[in-house]
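Student: My questions concern the predicted model and sequence given below.
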Amino acid sequence: MSRTEARTFQLPDRIDSLQALRFLGAMCITLYHFTGLQGACPFDFSRAVYLFYIISGFVVMLSTKKPEKKKYFLTRRLIRTLPLYWGLTLATFAAGLVVPSVIGYRPTAEQLVKSLLFIPYARTTAKAGSAIRPIVGLGHTLQMEMLFYLLFLVAMRISHKYRGFLAAGFSALVIVAGLFIPARGPAFHFYTANYYVWTSFIIGLALYGVFTLLQKKELAVRRGAVPMAVSTALAVGLAVPALLREMSVWYDIALFAAVFCAGLIWSACGGQTPRFPVTLGNISFSYYLLHYYTVALSARWLGIDSFSLRNLLLALVVSAVTWGISWVSWYLIENRLTAFLQKRLIRAAQ
């Protein structure tokens, strides 16, 4: 772009900063699962999961910007999610039957069916005792995502134009239900108890609306430097206290929302996101589901249970190996198999 060429504040079709943010979230969750590495840092890295929910709220709006995209919305989401999740669920179930000590309990056929169908249920877990988790423990985030996708699909069927408002309203109703209706059964409790999740979805939906309005203003890129500076300063200003002392969940959600805004503004201003975090962000779904297995095994076999230079280096090696395994999973399942299934199923539906 020449110096004289005008450019407006506009998000590109492919927002690389979102992938880099997924990488950031995945590494925060990894650090949380390496419990001993946190040391004296009071920041709860597990709360990076709310960044994923914010991204989901934004991306469902972005991916359905054109009305014709709504036709296969849920089909595409399922095709992307189910092969890897179902494969891991079946593999973990089989391992639990053969060697229950590997996962800490012996799963039942009923638990297998509920896990495959994203139906929440209570079971024994290695760390938390009894908890509402599927056989693949980190699949609990997918259970939340699936209900959100269903609510968003209903919103689109009612009105594509106002899908964001309707989906936010449905999410708010789930929050209200959790606040005022006594929990009956694990499924109702699971979906309504954590209103931070639904608030994060709403934030993602709202931020899409804000950025859409900003793009319609056709602001010059140089004017985007001001919100870029403000959002970056806000993210840094929120991060410093969070790393020094324990903060509320709301504070951390605000932190990740600020980081999310900074990344989006960077892309809208034409900033080039480094290729390395973008590439790893592309395979972060595989990494997210797979890393808990490698972290758990390495903690047991390598004794990574405290903060030290040895354990830090071992954790980096384990993480690098997991990223390599995740790339293979991404290429074979998320890339090749997903493309094949989308082509066949969508063609069959036409």
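Tutor: Nice, I can see it. Being a predicted model, the structure only gives us computed values, none of them experimental.
Student: From the chain's centroid, how far away is the helix or strand containing Leu238?
Tutor: Per DSSP states H and E, Leu238 falls inside helix 225-244. From the chain centre to the centre of helix 225-244 is a distance of 22 Å (CA atoms, centre = their mean, to the nearest Å).
Student: Next: stretch 278-291.
Tutor: Averaging C-alpha positions (CA atoms, centre = their mean) puts stretch 278-291 10 Å from its chain's average.
Student: Equivalent analysis for stretch 288-305, please.
Tutor: Relative to the centre of its chain, stretch 288-305 is centred 20 Å away, using CA atoms, centre = their mean.
Student: Packing partners of the helix holding Leu238?
Tutor: If you count contacts as 3 or more CB pairs under 8 Å, 6 or more residues apart in numbering; DSSP states H and E, helix 225-244 packs onto helix 249-268. Placement of C-beta: from N, CA and C, glycine included.
Student: Contacts for the helix holding Leu238 next, please.
Tutor: Outside helix 225-244, the residues that touch it by CB atoms under 8 Å, 6 or more residues apart in numbering are 41-43, 247, 251-252, 254-255, 258-259, 261-262, 265-266, 269.
Student: List the buried residues of the helix or strand that contains Ile55.
Tutor: For Ile55, the enclosing helix or strand under DSSP H and E is helix 49-63. Buried residues in helix 49-63, defined by neighbour count with 16 or more other CB atoms under 10 Å: 49-58, 60-62.
Student: Using TSV, lay out the residues you listed together with distance to Ser130.
Tutor: Conversion of the buried residues of helix 49-63 to TSV gives the following (distance: CB to CB, whole Å):
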residue	distance to Ser130
Val49	21
Tyr50	24
Leu51	28
Phe52	25
Tyr53	24
Ile54	29
Ile55	30
Ser56	28
Gly57	30
Phe58	34
Val60	32
Met61	37
Leu62	38
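Student: Run through who's touching the host helix or strand of Leu205.
Tutor: Element membership for Leu205, per DSSP H and E: helix 195-216. With CB under 8 Å, 6+ apart as the test, helix 195-216 has contacts from 8-11, 50-51, 53-62, 144, 148, 164, 167-168, 171-172, 174-175, 178-179, 249-250, 253, 257, 260-261, 264, 268.
Student: cool, stretch 132-147 as well?
Tutor: For stretch 132-147, contacts defined as CB under 8 Å, 6+ apart pick out 49, 52-53, 56, 81, 85, 88-89, 92-93, 96, 103, 107, 111-112, 114-115, 118, 120-123, 125, 174, 186, 189-191, 194, 197, 288-289, 292.
Student: which of the residues you listed are buried?
Tutor: 49, 52-53, 56, 81, 85, 88-89, 92-93, 96, 103, 107, 111-112, 114-115, 118, 120-121, 123, 174, 186, 189-191, 194, 197, 288-289, 292.
Student: quick one on the thing from earlier: ok, and what's touching the helix holding Ile55?
Tutor: Residues outside helix 49-63 that contact it (CB under 8 Å, 6+ apart): 15, 18, 21-22, 24-25, 28-29, 69, 73, 141, 144-145, 148-149, 152, 163-164, 167, 196-197, 200-209, 249, 252-253, 256-257, 259-260, 264.
Student: that older thread, and the contacts of helix 225-244, which of them are buried?
Tutor: Buried by 16+ other CB under 10 Å: Phe43, Met247, Asp252, Ala254, Leu255, Ala258, Val259, Cys261, Ala262, Ile265, Trp266, Cys269, out of those.
Student: how far away is the spatially most central residue of the chain from Leu219?
Tutor: Geometric centre of the chain, nearest residue: Phe52, 2.8 Å, by CA atoms, centre = their mean. Per CB to CB, to the nearest Å, Phe52 is found 29 Å from Leu219.
Student: Check Gly25 too.
Tutor: Remark: distance between Gly25 and Leu219 (CB to CB) = 28 Å.
Student: quick one on the thing from earlier: can you put the buried residues of helix 49-63 in a markdown table and add pLDDT and distance to Gly303?
Tutor: Shown next, in a markdown table, are these (pLDDT from 0 to 100; distance: CB to CB, whole Å):
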| residue | pLDDT | distance to Gly303 |
| --- | --- | --- |
| Val49 | 96 | 27 |
| Tyr50 | 98 | 31 |
| Leu51 | 97 | 30 |
| Phe52 | 97 | 30 |
| Tyr53 | 98 | 33 |
| Ile54 | 98 | 35 |
| Ile55 | 98 | 34 |
| Ser56 | 97 | 36 |
| Gly57 | 98 | 40 |
| Phe58 | 97 | 40 |
| Val60 | 96 | 42 |
| Met61 | 96 | 45 |
| Leu62 | 94 | 44 |
